[in-house]
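Colleague: Okay, predicted coordinates and the sequence, questions at the end:
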Amino acid sequence: MTPTDSRRSVVPPYLLHAVAQAAEYPRAASAARTALASLELVQTPKHQHLAAPRGVSGTVDRSPQRTIADARGTTTLPGTVVRSEGDPDTGDAAVDEAYAGLGATHAFWLDVFGRVSIDGAGLPLDATVHFGQDYDNAYWDGSRMVFGDGDDEVFRRFTIALDVIGHELAHGVTQYTADLTYQGQSGALNESISDVFGSLVAQYAAGQTAEQASWLIGEGLFTDAVHGDALRSMRSPGTAYDDPVLGKDPQPATMAGFVVTTDDAGGVHTNSGIPNHAFFLAATAIGGYAWQGAGAVWWDALTSDAVTASIDFAGFAAVTIDAAGARFGAESAEHTAVQDAWRTVGVLD
């Protein structure tokens with residue numbers, strides 16, 4: 001395991017590279033260069049995969065156990081604990097947003113799938129805020145959430161987006177279930193599953209149906225200076241932003257646009273647009289609350305022994321189709337919707 005194998009960041013390297021070269025945003029450019037360097041140089045804790053059950057664990061404490069620490073502008077983890085479970089609001093927006101976001105994510109997994117925390121066994125949820133100076137990212141390091149404050153030119157603070165918190169903690173869920181290899185198509189599935197469940201966390205908290213949801217990932221993170229709505233769009237990959245300085249969202253929506261690259265572990269943040277779009281298509285075709293339809297199918301797949309660590313798009317598609325048939329019945333509307341979604345994005349014929 002390399003030093004950064006356990007780090008899963010929400011802002012993709014291709015976007016950080018664009019910001020790093022933006023002379024129009026000197027503060028953001030400096031912050032982005034720092035964020036890029038941290039992906040290569042900062043030592044992050046090496047997580048020990050615990051071979052936990054893929055599904056729901058036995059009897060454990062079902063309440064969240066949250067601890068928020070403050071790095072106070074340093075890159076030293078974990079920082080100083082400033083809020084623990086049951087403590088009142090501190091008045092620090094980043095601290096209180098992180099605390100609330102961890103709670104909303106815990107509630108989603110428990111209420112919807114009966115999963116107690118991200119490992120299914122009541123794992124405490126730890127987070128650090130105010131990491132670094134103008135740090136342009138949020139990430140899961142294998143054991144905790146880490147949030148930067150953004151640079152205020154391109155990015156706002158990263159605790160404001162609930163789906164980002166849900167996204168990063170979903171990396172933890174994947175770590176304790178399928179443990180998908182972070183490379184190539186399995187890595188893109190790893191990123192996509194985090195977008196799927198990050199979006200569902202936000203939808204569940206807001207009580208939104210699939211039709212009502214924005215299907216944007218990281219909505220609100222960009223400042224008003226940026227021509228864009230979010231980091232990614234599941235509804236229409238490739239349209240989340242189109243900025244004269246930062247360029248255009250490069251995500252493909254179908255296999256016709258699949259990007260072959262050695263960057264970003266084989267394009268894990270780019271090609272995730274394809275399975276993301278498949279999920280959106282399935283969820284909206286099924287309708288209603290997405291966590292009850294397509295979300296339940298994806299959860300069944302993620303916890304299935306049929307999903308191997310190195311599975312590709314076609315393999316995962318086949319597992320979701322089988323899962324839809326098992327849960328809702330062969331030839332059910334849900335079964336058909338999942339099949340049609342994967343065909344539409346070109347993963348299956």
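Modeller: That came through, no problem. Numbering: from 1, shown residues only.

Colleague: list the contacts for the residue lying closest to residue 256 once chain neighbours are set aside?
Modeller: Spatial nearest neighbour of residue 256, chain neighbours left out: residue 346 (5.9 Å); criterion: Cβ to Cβ, 6 or more residues apart in numbering. Using the backbone N, CA and C atoms, a C-beta is placed for each residue, glycine as well. Residue 346 sits next to 254-256, 274 when contact means Cβ atoms under 8 Å, 6 or more residues apart in numbering.

Colleague: and what of residue 104?
Modeller: 162, 165-166, 201, 204-205.

Colleague: got the end-to-end distance for stretch 152-171?
Modeller: 27 Å (Cα to Cα, to the nearest Å).

Colleague: Give the buried residues for it.
Modeller: In terms of neighbour count (16 or more other Cβ atoms under 10 Å), stretch 152-171 has its buried residues at 153-171.

Colleague: In the contacts of residue 104, find the pair that's most separated.
Modeller: Among these, the pair separated by the greatest distance (Cβ to Cβ) is 165 and 204, at 12.7 Å.

Colleague: can I assume residue 31 sits in a helix?
Modeller: Yes: counting by DSSP: H, G, I helix; E, B strand; the rest coil, residue 31 is part of a helix.

Colleague: Show me the strands in the stretch 151-300 of the chain, by range?
Modeller: With DSSP state E, counting those that start in this stretch as the criterion, the stretch 151-300 of the chain has strands at 216-217, 232-233, 242-243, 247-248.

Colleague: picking up where we left off before, and which of the contacts of residue 104 is nearest residue 131?
Modeller: Distances from residue 131 to the contacts of residue 104, taken by Cβ to Cβ, are shortest for residue 165, at 14.2 Å.

Colleague: Do you know the pLDDT at the nearest residue in space to the closest one that is not next to it in sequence?
Modeller: Counting by Cβ to Cβ, 6+ apart, residue 101 is the residue found nearest to residue 165 once chain neighbours are left out, at 3.6 Å. At residue 101, the model reports a pLDDT of 98.

Colleague: Spit out the contact partners of residue 101.
Modeller: Taking Cβ under 8 Å, 6+ apart as the test, what residue 101 contacts is 159, 162, 165-166.

Colleague: Columns distance to residue 292 on top of these, output as CSV?
Modeller: Formatted as CSV, those follow (distance: Cβ to Cβ, whole Å):
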residue, distance to residue 292
159, 28
162, 19
165, 22
166, 17
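
Colleague: Just the ones in helices from those, please.
Modeller: 162, 165-166 (DSSP state H).

Colleague: Next, format these as TSV and append pLDDT and distance to residue 244.
Modeller: Below are those laid out as TSV (pLDDT from 0 to 100; distance: Cβ to Cβ, whole Å):
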residue	pLDDT	distance to residue 244
162	97	29
165	96	30
166	97	31
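
Colleague: measure residue 194 to residue 312 for me?
Modeller: Applying Cβ to Cβ, to the nearest Å, the value for residue 194 to residue 312 is 18 Å.
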